[in-house]
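Trainee: this one's structure only:
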């Protein structure tokens, strides 16, 4: 049985974000990349998060800071509020130190050589 993707599309993980995390296909849109990045946080896939960050936006300690953040939270739900060609506004629900919390972000993405990358937040 194939579990639903944590990104909230209702699709099976293997054909949704799983295929992107495994490198079997690229994200077709900024929203699809953002959803795959959320799934990577849920699945604790640091490599995908670093790989899909725009190279110029990668800090030297990016992987370590992502890993630390992953160890502190449990992601529970994603709500995409709005998406344009290169921006996605979302709310991600999580639990930290036993308390529910929400992250509200407007992310910026850029497409280079046919591949989408996370740039940062507005």
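Mentor: Noted; the coordinates are in hand. As the structure is a computational prediction, the values presented were derived from the model and not from experiment. Numbers count the residues shown, from 1 in each chain.
Trainee: how distant is the lowest-mean-pLDDT helix or strand in the chain from the center of its chain?
Mentor: Scoring the helices and strands of the chain by mean pLDDT, DSSP states H and E places helix 62-72 at the bottom, with a mean of 94. Mean-position distance between helix 62-72 and its chain equals 14 Å (CA atoms, centre = their mean, to the nearest Å).
Trainee: could you check how far stretch 9-25 is from the centre of its chain?
Mentor: For stretch 9-25, the distance to the chain centre is 12 Å (CA atoms, centre = their mean).
Trainee: hang on, I meant stretch 6-26
Mentor: Mean C-alpha position of stretch 6-26 versus that of the full chain (CA atoms, centre = their mean) differs by 11 Å.
Trainee: can you check stretch 69-89 too?
Mentor: The chain centre lies 6 Å from the centre of stretch 69-89; the measure is CA atoms, centre = their mean.
Trainee: quick one on the thing from earlier: contacting residues around the least confident helix or strand of the chain?
Mentor: Counting contacts by CB atoms under 8 Å, 6 or more residues apart in numbering, the residues outside helix 62-72 that touch it are 41, 44, 46, 47, 49, 50, 53, 59, 96, 97. The way it works is simple: take the backbone N, C-alpha and C, and place the C-beta from them, glycine included.
Trainee: retrieve the pLDDT associated with the residue most central in space within the chain.
Mentor: Using CA atoms, centre = their mean, the residue of the chain that lies closest to the mean C-alpha position is residue 37, 1.6 Å off. pLDDT for residue 37: 98.
Trainee: got the residue ranges for the strands in the protein?
Mentor: Residue ranges of the strands in the chain, as given by DSSP state E, are 73-83, 87-96, 99-112, 115-121.
Trainee: and the residue nearest to the centre of the chain, how far from residue 108?
Mentor: Using CB to CB, to the nearest Å, one obtains 13 Å as the distance from residue 37 to residue 108.
Trainee: which neighbours do those two have in common?
Mentor: Common neighbours of residue 37 and residue 108 (CB under 8 Å, 6+ apart) are residue 118.
Trainee: so what touches the longest helix seen in the chain?
Mentor: As assigned by DSSP state H, the longest helix anywhere in the chain is helix 30-43. Outside of helix 30-43, the residues within contact range by CB under 8 Å, 6+ apart are 5-9, 13, 16-18, 20-21, 27, 45-46, 48-49, 52, 69-70, 75, 78, 80, 83-88, 90, 92, 107, 109, 111, 116-118.
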